[in-house]
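Visitor: 3D model of this:
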Amino acid sequence: MSDHSGKNVQREVAELQAKSATAARIFDLRRIIGGLFVLYGVIVTIAGINPSDATLDKAEGVNINLWTGLGMLLLGIFFLVWLKLRPTPPPVAPELAETESPTE
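Guide: Residues are numbered from 1 along each chain as shown. Just a heads-up that it's a prediction; the model follows:
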């Protein structure tokens, strides 16, 4: 009977570890920051495509919305590419970390 309950505990631990790894990937700050920068970059770039004369006069002839929007887009894309190239490693269970650590 204890063997059966031990298997249940191991299965529950495995399920919790899988959920934890999924949550770590979903809430990775690179995804959040990259997504927000891309979203705001698109909005600011669209605002900068047809600037008004008053907007250009305020910025001394520089289309600041267009350049800022493009910069935000590039930064957001950088964060998302970084996330894709270097994904978050899954968390290691404490029992496994102890067995994998080098002994002295």
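Visitor: tell me the centre residue of the protein?
Guide: residue 31 (1.9 Å; Cα atoms, centre = their mean).
Visitor: Per-residue pLDDT of that residue, please?
Guide: pLDDT recorded at residue 31 is 90.
Visitor: now residue 64
Guide: The model's pLDDT for residue 64 equals 94.
Visitor: What count of nearby residues applies to it?
Guide: By the criterion of other Cβ atoms under 10 Å, residue 64 has 16 neighbours. C-beta coordinates here come from the backbone N, C-alpha and C atoms, glycine included.
Visitor: Surely it and residue 44 touch.
Guide: No: Residue 64 is not in contact with residue 44 according to Cβ atoms under 8 Å; the separation is 9.2 Å.
Visitor: quick one on the thing from earlier: so what's the residue nearest to the centre of the chain closest to, chain neighbours aside?
Guide: residue 83 (5.6 Å; Cβ to Cβ, 6 or more residues apart in numbering).
Visitor: what sits against that neighbour?
Guide: Listed by Cβ atoms under 8 Å, 6 or more residues apart in numbering, the contact set of residue 83 reads 28, 30, 31, 34.
Visitor: Of those, which is the most crowded?
Guide: Within the contacts of residue 83, most neighbours by other Cβ under 10 Å means residue 34, with 21 neighbours.
Visitor: Dihedrals phi and psi, that one?
Guide: phi -60, psi -40 (degrees, to the nearest 10).
Visitor: name the element the spatially closest residue to it that is not a sequence neighbour belongs to?
Guide: Of all residues not flanking residue 34 in the chain, residue 79 sits nearest, at 3.1 Å (Cβ to Cβ, 6+ apart). According to DSSP states H and E, residue 79 maps onto helix 64-85.
Visitor: From the chain's centroid, how far away is that helix?
Guide: 13 Å (Cα atoms, centre = their mean, to the nearest Å).
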